[in-house]
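> Predicted model and sequence follow; I will ask about them next.
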Amino acid sequence: MVVIRLSRGGAKKRPFYNIIATDKQNRRDGRFLERLGYYNPIATGGESELVVALDRVAFWKERGAQVTDTVGRLLDQAAKKAPV
């Protein structure tokens, strides 16, 4: 089964998360099918906190991908910010 979840990166005490589509059995930071965006919880200045390719998320959801709770919350945030 394919899931859309976060993969942690960055340095100690400075997290950075990629939003990825991966097989459920793969490790958190392991192999993935596609990178769909990123979330930077400590963005400062002109940096973007959240960037998501909503069209690619829809593509994976149509094919049965499950979304984790945290990513679901982030997708709701991204949808509100997206231009109509």
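Looks like it arrived, so ask away.

> contacts and neighbour counts: CA atoms only from here.
Will do.

> low-scoring pLDDT stretches of the protein, where are they?
84 (pLDDT under 70).

> Let's see that with 80 instead.
In the predicted model of the chain, residues 82-84 satisfy pLDDT under 80.

> now the helices: where do they sit in it?
Shown for the chain, the helices assigned by DSSP state H span residues 54-62, 69-81.

> Show me what the longest one is packed up against.
Packed against helix 69-81, as judged by 3 or more C-alpha pairs under 8 Å, 6 or more residues apart in numbering; DSSP states H and E, are the following elements: strand 2-11, strand 50-52.

> Columns distance to Arg35 and mean neighbour count on top of those, output as JSON lines?
Putting these into JSON lines (distance: least, C-alpha to C-alpha, whole Å; neighbours: other C-alpha atoms under 10 Å) gives the following:
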{"stretch": "strand 2-11", "distance to Arg35": "9", "mean neighbour count": "18"}
{"stretch": "strand 50-52", "distance to Arg35": "9", "mean neighbour count": "19"}
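
> re earlier: could I get the helices of the chain as CSV with mean neighbour count?
Shown next, in CSV, are those (neighbours: other C-alpha atoms under 10 Å):
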stretch, mean neighbour count
helix 54-62, 14
helix 69-81, 13
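
> Is it possible to get JSON lines of those helices that adds distance to Gly45?
Output for those, formatted as JSON lines (distance: least, C-alpha to C-alpha, whole Å):
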{"stretch": "helix 54-62", "distance to Gly45": "24"}
{"stretch": "helix 69-81", "distance to Gly45": "18"}
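
> Give me the spatial nearest neighbour of Gly64, chain neighbours excluded.
The shortest distance from Gly64 to any non-neighbouring residue, by C-alpha to C-alpha, 6 or more residues apart in numbering, is to Val2 (7.2 Å).
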